[in-house]
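Enquirer: test case, fold it:
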Amino acid sequence: MKANPQGFWMPSYDGGGLLNLMGSLSQACGMDQPVYPPLSVLDTSRWRDARNVVLILADGVGGDFIERSSPQGFLRRHQRATITSVCPTTTACAIPTLMSGLPPAGHGLTGWHVYLDEIDAITAVLPMTAQGRFFPLGVPPIDPDTLFPYPKIYQHLPRASHVVTPVKLFDSVFSTVHATGACRHPYYPEADSWLQKWLAGNKRPGLFSALGAIVRAPGPSRFIYAYWPDFDHTAHGSGVDSQQAVGKFLDFEARLEAFIDDMRGTDTLVVVTADHGFIDSPSDRQIHLDDHVALAQMLARPVCGERRFSYCYLKPGTEADFEDYVATVFSGRGEAWSREKLLGEQWLGPGPVSAKLASRVGDYVLAMKDDWTLVDHAPDTKPIPMIGVHGGLSRQEMLVPLCVITTA
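Expert: Numbering: from 1, shown residues only. Prediction:
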C-alpha cells in the first residue's frame, strides 16, 4: 500500500482492503470460495474456529487517528494490520461493500450523493432523499430493489447472521434492505443524561448490551455485524482531533474493553475496523463553486459524490475548457480525471461491474489534494458547514485499522 506519484492512495482490492476483509470473514463463517480474495496482510485461517464472529464498524476511526489519540490504548494494542478503505473513502461506498462483499464498481454506489438516471435526480442513497423531489413520508424516491439489486452477504453465509444498528437507523430503507438474510437488532444511545439512564433502566440496550445478548444466546454459531456512527458525526462538526471527537472515541474504546472482559469464555472473535479515516479542511481550504462561475457554467447539473471526490457532469463541448480550468485555477489543489481513467485504472474496484456504474461517476471526477475540498449545494439551499471531511485519497482517509480480539 502506497501513494501514487501525485500523492493519491490507491485502495487495495487484491488482499489488503475492506473488500478482502469480507472475503476472510466469509471464509471464517464457512464459505470456501468467496468471490474476491481474502486478506493477504494477515493470517486469518483460524478465524473459522470461533463460535461467534463479530465485526464492529467504528465509522470514521482511521488508523492515524488511533495512533494519535490512544497510542497505548486497547485498540492500538490489538491492532494486527492496517488495511485500506474503498474509493471514494466514504460510508456510502464502504458499508455496501461490507454488507454485500462487492467493491463499489460491483454494487454501483459511488458516493453520498449519486446521480440516478433512472429518476434524473441526485440522490443521497443512505437517507434516500432526492434533490428537488418530494415524496410522501416513508416513500423512497426509487424502488430499493432497483437501486440495491445485488445480493447481500447474509443471504449466502453458512452461519446465522445478525445486524446491530442504532435505533434511529434501524428502520431506514438502506438498513432494512442491506440486512436482508439477517436478524436485525436496534440499540439505543448510551446512558449519559438522566433521561437516557431512565430509559436504560427500562431495558433499552446500548450497543454492547445488544451485542452481549446475542453472543450469549443459545443456538448455532453466528456472525454479527454492528455499526457505531458517533465518532463520524462528531468529527464532521467539531474536527477529527477535537476534544469532543476524541472523547467519543475514548468512551467507545473503554466500553469495548469492558465488553471484551465480559465476553471471556464465549469463544468469540471480535474484529474492529472503520469504513474510512478523516482529515480537517479549514475554511481557507474550501473551494466554493459559487465563486467559480465560469466552471459552474460548464456543468449540466450540480456536482455530486463527495466534497473530496466530486463527480462532474459536463455540458457537451466543454470538456477541453473544463480540463484547462482545473489544470490552471485548481493547480496544486485538485486534479480532473476522466471517466475512462477512473474506471480503466479500477479505482472503484475490479469487475464484474455494475451496469449503472458509468452513469454514476460523471464525465470527470475532481480528486482533491492535501486538505482541499470542493463545496457545492443544491439550488435554494445552503452548504452544510463541516470541519472534518473524508471521501478523498489521502493516507489519513484511506488507511483504517484492523483490530482483532479473541475471548476464548
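
Enquirer: quick one: mean pLDDT over stretch 236-245.
Expert: Stretch 236-245 carries an average pLDDT of 97.

Enquirer: neighbouring contacts of that stretch?
Expert: For stretch 236-245, contacts defined as C-beta atoms under 8 Å, 6 or more residues apart in numbering pick out 60, 65, 68-69, 231, 234-235, 278-280, 386-389. Quick note: C-beta positions are derived from backbone N, CA and C, even for glycine.

Enquirer: tell me what the residue nearest to Met398 when sequence neighbours are not counted is bridged to.
Expert: Spatially, and ignoring its direct neighbours in sequence, Met398 is nearest to Trp9 (4.0 Å; C-beta to C-beta, 6 or more residues apart in numbering). In this entry, Trp9 is beta-bridged to Ala3, by DSSP bridges.

Enquirer: surely Trp9 is in contact with Val400?
Expert: No - at 11.4 Å, Trp9 does not count as touching Val400 under the criterion of C-beta atoms under 8 Å.

Enquirer: quick one: which of the two has more around it?
Expert: Val400 (31 against 21; other C-beta atoms under 10 Å).

Enquirer: torsion angles phi and psi at the more buried one?
Expert: phi -130, psi 150 (degrees, to the nearest 10).

Enquirer: following the helix ranked longest in the chain, which helix or strand shows up next?
Expert: Across the chain, the longest stretch assigned as helix under DSSP state H is helix 243-262. Going down the chain from helix 243-262, the next helix or strand is strand 268-273, by DSSP states H and E.

Enquirer: name the helices or strands packed onto that following strand?
Expert: On a contact count with 3 or more C-beta pairs under 8 Å, 6 or more residues apart in numbering; DSSP states H and E, strand 268-273 meets helix 18-28, strand 52-58, strand 399-406.

Enquirer: could you rerun that using 6 Å?
Expert: Contact here means 3 or more C-beta pairs under 6 Å, 6 or more residues apart in numbering; DSSP states H and E; on that basis strand 268-273 packs against strand 52-58, strand 399-406.

Enquirer: now these in a markdown table, with distance to Gly334 and mean pLDDT?
Expert: Below are the helices and strands packed on strand 268-273 laid out as a markdown table (distance: least, C-beta to C-beta, whole Å; pLDDT from 0 to 100):
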| stretch | distance to Gly334 | mean pLDDT |
| --- | --- | --- |
| strand 52-58 | 29 | 98 |
| strand 399-406 | 21 | 98 |
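
Enquirer: farthest residue from the center of the chain?
Expert: Most distant residue from the mean C-alpha position of the chain: Gly317, 34.9 Å away (C-alpha atoms, centre = their mean).

Enquirer: correct me if wrong, but that one is in a strand.
Expert: No - read with DSSP: H, G, I helix; E, B strand; the rest coil, Gly317 is coil and lies in no strand.

Enquirer: that one: what's it in contact with?
Expert: Gly317 makes no contacts at all, as judged by C-beta atoms under 6 Å, 6 or more residues apart in numbering.

Enquirer: for it, give its distance to Met298.
Expert: 9 Å (C-beta to C-beta, to the nearest Å).
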